[in-house]
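Q: the sequence and its predicted three-dimensional model are supplied below.
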Amino acid sequence: MVQLFDFISIGTLNIPFAFQVDQLSAIFMLIITGVGFLIHVYSTSYMHEEASDQYARYFSFLNLFVFSMLLLVLGANYLIMFIGWEGVGLCSYLLIGYWYKNKDFSTAGRKAFVMNRIGDFGFLLAVFWMIQHFGSLNFGDVLGKAAGMPLNDKVLVGITLLLFLGAVGKSAQIPLYTWLPDAMAGPTPVSALIHAATMVTAGIYMIARSNILYTLAPVTQGVVAAIGLATAIFAASIALKQNDIKKVLAYSTVSQLGYMFLGLGVGAYTGAVFHVMTHAFFKALLFLGAGSVIHAMHHEQDIRKMGGLKKQLPVTHWTFLVACLAIAGIPPLSGFFSKDEILSATFSVNKIYWVIGVLGAVLTAFYMFRLYATTFLGKFRGTEEQERHLHESPRAMTVPLVVLAILSAVAGFIGIPAVLGGTHQLENFLSPVFAGSVALQHAAHPDHTTEYLLMGISAGLSVLVLLYAITRFSKKPDMDSPGGLGKLLENKWYVDELYDMIVVKPLHRVSVLLNNVAEKMGIDGVVNGVGKFVSYGSRQLRLLQNGQVGVYILIMVAALLILFIIQLFVL
Amino acid sequence: MTINHYIFLSVALFCIGIIGVLTRRNMIVIFMCVELMLNAVNLLLVAFSKMHFLSASAFDAASKAGTDAQLFVFFVMVVAAAEVSVGLAIIVMMYRNTHSVDVNFLNRLKH
């Protein structure tokens, strides 16, 4: 822990500008800088078409993003964390709206910013509440004082719920998730950065950092788990019918984030952080792979116009396949271990949640392999012009893909659970951070037979669904617009339209009303009225100065008479 | 003759002067009307001076009451004489420039 200087010092409240490195920050720093570095390397090639000043702008935003995220995970109190928190919000706005000349893209950037602000509002309130209740914002003080509080203390529940609101905004959970799919407007490496290494993991980090508070507030934990699970299954269902390669990945991110929150909600903090890490690898890989495909297809993103890219893009194809297997939870790739850890913790808390979680995992396998089969297998369905130009991406793009593919494949081995004969090195590494929560939880692990069974069920179902998806979509991808439920899913359950109707439109109407009535009639009326009155009054007064000396004297005499009358009769 | 006669005469003269100034356009006539007003005031001053002196000398033969008003009349006359010289000079200059002594002719400042 390094203290640089006193940032805010008022009365007894003292907030130092301090950094802190512990096991949790270290893991996140490695993810951010590691994946961030690969994305930077990839970007040098992906963005080479941009003009040099735009290129510079892109990289300065990208680095500001990484800087903010590092500030977020390094801060030793909630305020420094909040500075980083706001920083990533700003950078996401700048990068999503990077091609600001396209109105849809800049609108998407604005949407991300506004949605984030709603969450930030909760975070900020929680920070104030902490100052009021604990008199400090340092992690050490707050978490230390909180550890002595009773279970489900009202203040703790309030603070954790408000912090969770912040996490919901930043990590795209129901109901504030709609910005993340729209964030696809930015360049693809940015999507990879937002979805994998930075930004959306901030919420997970914050909750993992405050794990004691959450463990002591089971009410909030229930809310976190329920929202996480709902998001996981809801987003997975939407991803089933999306046809934009990046949209599918975006909804899969939302869904995976839901799993992480489910993990946090059931107290599997290590599992959630583990999943953040493995997800960072395979999701960055998926996005960069998608970027490579889009690059090869000359900015075509509709998977219905792809197909058969296996031959032309061998490196992209193999790495993408690894990432798909990893995210689908096929052993022994990384996704299997992290997802399984969350699911087995869920099973020991609530069996129904586990069933829904496995259903979500199966859906994940389905939509990922639908994406994979439609893009890489079968026949090419684009134009001939596109087919002639198909090419594997340059080395600067494929090398990060390969590195990430290796990481996606092997990252799971640092967290092999005891039941499979491993020692779970990650859990041991992180144990100082989560020690307080672990001591409080005494979670009953399911016995080994059950655990084998659970793993078998989730992995087995995923494999079955995966094979089904490959056979079904490699030959005959669904090209037509679906009807019924499919249409509902394709249109994302009409959530955007719903928000538009109940929030955006009424607000818009109120502002139009204010503009027309309050602004034009009220404020403009007063300002213009003053001007009009003065100019009218002076025009009338000017008539008195008519140049006729007689009139002047008449007025003078009349005024004298009036003064006399006042003097004599009134006073 | 009581003081009332003097007051009536003086007020009548003053009103004639005011009405003349307000209604006439000939500058010389306006000028004379101004003189009329000045002299109405002078007349009133002298009348009151005399009244005060009479009432005061009934008790004290050596009284000097009212002399200040008479002095003031001389003062007004001096100022009026100065005013006449300036005013007549203005009228002469105006006549040289406009060949007229009509005051309404002098309204060009408003433009």
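A: Happy to help now that I have it.
Q: ok, the residue nearest the centre of chain B - contacts?
A: Nearest to the geometric centre of chain B sits B:L38, at 0.8 Å (C-alpha atoms, centre = their mean). B:L38 makes contact with B:76, B:80, according to C-beta atoms under 8 Å, 6 or more residues apart in numbering or on different chains. In short, each C-beta sits where N, CA and C put it, glycine included.
Q: that one and B:A80: what is the separation?
A: Here the criterion is C-beta to C-beta, to the nearest Å. By it, B:L38 lies 5 Å from B:A80.
Q: could you list the residues in contact with stretch B:75-92?
A: The contact list for stretch B:75-92 (C-beta under 8 Å, 6+ apart) reads B:27-28, B:31, B:34-35, B:38, B:41-42, B:45, B:101.
Q: nearest residue to A:I83 in space, please, no chain neighbours.
A: A:L71 (6.0 Å; C-beta to C-beta, 6 or more residues apart in numbering or on different chains).
Q: please identify the helix or strand for the one you found.
A: helix A:52-74 (DSSP states H and E).
Q: around chain B, pick out the residues from chain A.
A: Residues of chain A lying close to chain B by C-beta under 8 Å from any C-beta of the partner chain are A:545-550, A:553-554, A:557.
Q: export those to TSV and tack on neighbour count?
A: TSV is the format used below for the residues of chain A next to chain B (neighbours: other C-beta atoms under 10 Å in any protein chain shown):
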residue	neighbour count
A:Q545	11
A:N546	12
A:G547	13
A:Q548	15
A:V549	16
A:G550	16
A:I553	15
A:L554	15
A:V557	14
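Q: any idea which of these is least confident?
A: Minimum pLDDT across these is recorded for A:G547, with 73.
Q: how many residues are close by the residue of chain B found nearest chain A?
A: In chain B, the residue that lies nearest chain A is B:N107 (3.0 Å; C-beta to the nearest C-beta). The number of residues packed near B:N107 is 13, by other C-beta atoms under 10 Å in any protein chain shown.
Q: now swap in A:S338 and tell me
A: Based on other C-beta under 10 Å, the number of other residues close to A:S338 is 31.
Q: turn the residues of chain A next to chain B into JSON lines, including distance to A:L404 and secondary structure.
A: Below are the residues of chain A next to chain B laid out as JSON lines (distance: C-beta to C-beta, whole Å; DSSP: H, G, I helix; E, B strand; the rest coil):
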{"residue": "A:Q545", "distance to A:L404": "86", "secondary structure": "coil"}
{"residue": "A:N546", "distance to A:L404": "90", "secondary structure": "coil"}
{"residue": "A:G547", "distance to A:L404": "92", "secondary structure": "coil"}
{"residue": "A:Q548", "distance to A:L404": "95", "secondary structure": "coil"}
{"residue": "A:V549", "distance to A:L404": "98", "secondary structure": "helix"}
{"residue": "A:G550", "distance to A:L404": "100", "secondary structure": "helix"}
{"residue": "A:I553", "distance to A:L404": "99", "secondary structure": "helix"}
{"residue": "A:L554", "distance to A:L404": "98", "secondary structure": "helix"}
{"residue": "A:V557", "distance to A:L404": "101", "secondary structure": "helix"}
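Q: who does the lengthiest strand in chain A touch, helix- and strand-wise?
A: Counting by DSSP state E, the longest strand found in chain A is strand A:2-10. Secondary-structure packing of strand A:2-10 (3 or more C-beta pairs under 8 Å, 6 or more residues apart in numbering or on different chains; DSSP states H and E): strand A:13-19, helix A:78-96.
Q: next, format the ones you listed as TSV and append mean neighbour count.
A: Shown next, in TSV, are those (neighbours: other C-beta under 10 Å):
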stretch	mean neighbour count
strand A:13-19	18
helix A:78-96	23
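Q: got the contact list for A:M81?
A: Listed by C-beta under 8 Å, 6+ apart, the contact set of A:M81 reads A:72, A:75, A:206, A:209.
Q: so which of those residues is the closest to A:N102?
A: A:L72 (29.2 Å; C-beta to C-beta).
Q: so how far is chain B from the closest one?
A: Using C-beta to the nearest C-beta, to the nearest Å, A:L72 is found at 74 Å from chain B.
Q: need the contact list for that residue.
A: A:L72 sits next to A:81, A:83-85, A:87-88, A:202, A:205 when contact means C-beta under 8 Å, 6+ apart.
Q: hang on, the earlier thing: the residue nearest to A:I83 against A:F82, yeah?
A: No: A:L71 lies out of contact with A:F82 (C-beta atoms under 8 Å); the separation is 9.9 Å.
Q: A:S136 looks like it's in a strand, true?
A: No: A:S136 is assigned coil when assessed by DSSP: H, G, I helix; E, B strand; the rest coil, not a strand.
Q: number of residues surrounding the closest residue to it other than its chain neighbours?
A: Of all residues not flanking A:S136 in the chain, A:V142 sits nearest, at 6.2 Å (C-beta to C-beta, 6+ apart). For A:V142, the neighbour count with other C-beta under 10 Å is 22.
Q: roughly how far does the closest residue in space to A:P150 that isn't next to it in sequence sit from chain B?
A: Distance criterion C-beta to C-beta, 6+ apart; nearest residue to A:P150, sequence neighbours excluded, is A:L216 at 7.8 Å. A:L216 sits 87 Å away from chain B, going by C-beta to the nearest C-beta.
Q: please name the residues that touch A:L216.
A: Going by C-beta under 8 Å, 6+ apart, A:L216 touches A:146-147, A:149-153, A:156, A:440.
Q: now secondary structure and pLDDT too, for those residues, in CSV please.
A: What follows is the contacts of A:L216, written out as CSV (DSSP: H, G, I helix; E, B strand; the rest coil; pLDDT from 0 to 100):
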residue, secondary structure, pLDDT
A:A146, helix, 83
A:A147, helix, 81
A:M149, coil, 80
A:P150, coil, 82
A:L151, coil, 81
A:N152, coil, 80
A:D153, coil, 82
A:L156, helix, 87
A:L440, helix, 75
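Q: and the residue in the stretch 251-400 of chain A that chain B sits nearest to, what element?
A: Nearest residue of the stretch 251-400 of chain A to chain B (C-beta to the nearest C-beta) works out as A:H299 at 72.5 Å. Assigned by DSSP H and E, A:H299 falls within no helix or strand.
Q: for the stretch 251-400 of chain A, which segments count as helices?
A: According to DSSP state H, counting those that start in this stretch, the stretch 251-400 of chain A carries its helices in the segments A:269-296, A:314-328, A:334-349, A:351-376, A:384-389, A:395-410.
Q: I'd like the mean pLDDT over stretch A:285-301, please.
A: For stretch A:285-301, the mean per-residue pLDDT is 85.
Q: my error: substitute stretch A:254-269 in the last question.
A: For stretch A:254-269, the mean pLDDT works out to 89.
Q: now it - C-alpha only, CSV.
A: This file holds the C-alpha atoms of stretch A:254-269, laid out as CSV (Å, rounded to 0.1, in the frame of the first residue of the first chain):
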residue,chain,number,x,y,z
VAL,A,254,-23.9,-10.1,-20.7
SER,A,255,-24.9,-13.7,-20.0
GLN,A,256,-21.4,-14.6,-18.8
LEU,A,257,-21.4,-11.5,-16.5
GLY,A,258,-24.6,-12.8,-15.2
TYR,A,259,-22.8,-16.0,-14.2
MET,A,260,-20.2,-14.0,-12.4
PHE,A,261,-22.8,-12.2,-10.4
LEU,A,262,-24.5,-15.5,-9.7
GLY,A,263,-21.1,-16.6,-8.3
LEU,A,264,-20.8,-13.5,-6.2
GLY,A,265,-24.4,-13.9,-5.0
VAL,A,266,-23.9,-17.4,-3.8
GLY,A,267,-20.6,-16.5,-2.1
ALA,A,268,-18.3,-18.1,-4.6
TYR,A,269,-16.0,-15.1,-4.8
